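J.: Need coordinates for the below:
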Amino acid sequence: MLKSRINSRDFLVLIIMSLIGLASSIVVIIELYIVHSLPPYCKISASVGGSVLNCAKVLLSPYASIGPVSLDFLAALWFIINIIFVVSIALSSKRTAKKVLDVMFIWRFFGILVVGYLLFLEFIVLHAICIYCTAMHICIIIDFAIVSYILFSKNSRIRKDILSSSAA
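T.: Below is the predicted model:
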């Protein structure tokens, strides 16, 4: 039996962030593309920083897809890949874990860039916010912070374990 190199709290937080993001994207996929209705709580009327909570305006905008592919489908895939990365780091050899951690950081950095662009679209272009998108954005930001800590903090137990002796 392999021993996990990620302590249970870190593992749990990383997995939970991906599961929350995945759940948010799945709710939108099911409701919008299968049931053909707006997801629950999408008609809340409130204003945040000059933008209105209006999932319909966001989810039905021309910015909600890349060609024929919905951003929600891409988000679900993104979160599934996150889970695969975390499990791989937890259960692989040090050498493999180091490679996966490096790739995972690049993956998470790409996610942060996309979140920045999507926030620009929501706040500046559409003047509308989707609560499901916001949940996914928050998960990606927290995930990025944790992975950055793991990779760059000298206090990170995971970093110490992975970077110590290159023996697997």
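J.: Provide the contact partners of the helix or strand where A75 lies at residue level.
T.: Using DSSP states H and E, the element containing A75 is helix 71-91. Identification of contacts with helix 71-91 by C-beta atoms under 8 Å, 6 or more residues apart in numbering yields 2, 4-6, 11, 14-15, 17-19, 21-22, 24-26, 28-29, 32-33, 59, 63-66, 96-97, 100-101, 103-104, 107-108, 111, 118, 136, 139, 143, 158, 162. In short, each C-beta sits where N, CA and C put it, glycine included.
J.: buried stuff in that helix?
T.: Residues of helix 71-91 classed as buried by neighbour count (16 or more other C-beta atoms under 10 Å): 71-73, 75-76, 78-79, 82-83, 85-90.
J.: any idea how far the host helix or strand of I16 is from the chain center?
T.: For I16, the enclosing helix or strand under DSSP H and E is helix 8-28. Helix 8-28 sits 8 Å away from the centroid of its parent chain (C-alpha atoms, centre = their mean, to the nearest Å).
J.: Next: stretch 124-142.
T.: For stretch 124-142, the distance from its own C-alpha centre to the chain's C-alpha centre is 11 Å (C-alpha atoms, centre = their mean).
J.: hey, C-alpha coordinates of that stretch in CSV?
T.: Extracted as CSV, the C-alpha positions of stretch 124-142 are listed here (Å, rounded to 0.1, in the frame of the first residue of the first chain):
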residue,chain,number,x,y,z
ILE,A,124,-16.9,45.0,-17.3
VAL,A,125,-18.5,43.7,-20.5
LEU,A,126,-21.7,42.0,-19.2
HIS,A,127,-22.2,43.8,-15.9
ALA,A,128,-23.7,40.6,-14.6
ILE,A,129,-22.5,37.9,-12.3
CYS,A,130,-23.3,34.2,-12.2
ILE,A,131,-23.3,32.5,-8.8
TYR,A,132,-22.2,29.2,-10.3
CYS,A,133,-19.3,30.8,-12.2
THR,A,134,-18.3,32.7,-9.0
ALA,A,135,-18.2,29.4,-7.0
MET,A,136,-15.9,28.0,-9.7
HIS,A,137,-13.7,31.1,-9.7
ILE,A,138,-13.4,31.0,-5.9
CYS,A,139,-12.4,27.3,-6.0
ILE,A,140,-9.8,28.0,-8.7
ILE,A,141,-8.3,30.9,-6.7
ILE,A,142,-8.1,28.9,-3.5
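J.: What's the mean pLDDT across stretch 145-154?
T.: Taken as a whole, stretch 145-154 has an average pLDDT of 86.
J.: what residues does that stretch touch?
T.: With C-beta under 8 Å, 6+ apart as the test, stretch 145-154 has contacts from D10, V13, L14, M17, L101, D102, M104, F105, R108, S156, I158, R159.
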